[in-house]
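*Asks:* Starting from these lines, generate the structure:
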Amino acid sequence: MRKVLFFDIDGTLVNFQGQMPESARAALQKAQQNGHQIVLCSGRSRMQIYPWLLELGFDGIVAATGAYVEHSGEIIYQHFMSEDELYKVTTLLDQADACYSAQAADRMITSAPHRDRQLARFKKQADEEMIAQIWQYIELSDQIWQHEDVEKLVYYESKISVQEIRKQLAGICDVTESSFETDLSDSGEITCSGINKAHGMEKYIIHTGMAKADTIAFGDGPNDFDMIKYAAIGVVMGNSSDDLKRRADFVTKDINDDGIAYALQKLGLI
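*Replies:* Just a heads-up that it's a prediction; the model follows:
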């Protein structure tokens, strides 16, 4: 029976050095040849996804942690943060002395000082290709709350903990620890309440006529909890945290140990 397979990018398909195992590439192509749909499901905005990854011919894209959904090149769903939500979030992040940026489908929006702080941080942690891809489209603005197409925000170096920010934004926004950081206490991503990868997955399967019972999700990071819980089968990478592994239906090998190919083989998809 045909399945729809949702794949996180960072730490799942692509390691944090910007490399995708050849075994994963071949396994995705084989799964698609076998009639299964392959869908990216990422916290990245649409424009932040590597062009070479898109060239693999995914059937769909869930981006911006569920705020953007695409099928066969057509945008089928987008959700934007309201001016009031953005004002409350940016006011709190300013109080926390955090550096932050807003993500839209086609660009990042940030102030010049915040751009410089974030870029300096990324240069210590990410490969050059990742930096170039994420930072190639930037709009400078000191009034982010006035933009009408913001899908989510990311922040770093906050003097207020993720837990406290989550508490202060409860009922307004969801706050998740960053997928890129080793220290999860000062960095995170912020979406509208209820907007997460599972939400985007649901929009996708409704549009395509697929059933939830035929969904399989592959993830590794803090923003993957909802997608692992939502999918009929949740596959967690061997390089994931123990907390996420406990939520999995199946724990595969490390990303660098052919984890994607191993999982697809074990599940009978290739």
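*Asks:* Met81 touches Glu148, doesn't it?
*Replies:* No: Met81 lies out of contact with Glu148 (C-beta atoms under 8 Å); the separation is 9.1 Å. Placement of C-beta: from N, CA and C, glycine included.
*Asks:* And the residue nearest to His114 when sequence neighbours are not counted, its phi and psi?
*Replies:* Excluding the flanking residues, the one nearest His114 by C-beta to C-beta, 6 or more residues apart in numbering is Cys99, at 4.4 Å. Cys99 adopts backbone torsions of phi -100, psi 140, taken as degrees, to the nearest 10.
*Asks:* My read is that Cys99 contacts Ala112, right?
*Replies:* No: if you go by C-beta under 8 Å, Cys99 and Ala112 don't touch, sitting 11.1 Å apart.
*Asks:* With neighbour numbers in mind, choose between those two.
*Replies:* Cys99 (23 against 11; other C-beta atoms under 10 Å).
*Asks:* number of nearby residues for the closest residue to His147 other than its chain neighbours?
*Replies:* Distances taken as C-beta to C-beta, 6+ apart put Ile109 closest to His147, at 5.8 Å, once the chain neighbours are dropped. A count of nearby residues for Ile109, using other C-beta under 10 Å, gives 23.
*Asks:* gap between the strand or helix carrying Ile109 and the chain center?
*Replies:* Take DSSP states H and E as the rule and Ile109 turns out to sit in strand 108-110. Centroid separation for strand 108-110 versus its chain: 17 Å, with C-alpha atoms, centre = their mean, to the nearest Å.
*Asks:* And for stretch 109-119?
*Replies:* 21 Å.
*Asks:* Please work out the average pLDDT along that stretch.
*Replies:* Averaged across stretch 109-119, the pLDDT comes to 89.
*Asks:* Using neighbour counts, pick out the buried residues of that stretch.
*Replies:* 109-111, 114-115, 117-118 (16 or more other C-beta atoms under 10 Å).
*Asks:* swap in stretch 203-212?
*Replies:* Of the residues in stretch 203-212, those buried (16+ other C-beta under 10 Å) are 203-205, 207, 210.
*Asks:* How about stretch 164-179?
*Replies:* So for stretch 164-179, counting by 16+ other C-beta under 10 Å, buried means 165-166, 168-169, 172-179.
*Asks:* about what we covered before: which residues touch the residue nearest to His114?
*Replies:* When contacts are counted by C-beta atoms under 8 Å, 6 or more residues apart in numbering, Cys99 touches 113-114, 117-118, 121, 155-157.
*Asks:* Assign the spatially most central residue of the chain to helix, strand or coil.
*Replies:* Residue closest to the average C-alpha location in the chain (C-alpha atoms, centre = their mean): Gly43, at 1.6 Å. What DSSP: H, G, I helix; E, B strand; the rest coil gives for Gly43 is coil.
*Asks:* That'll do, ta.
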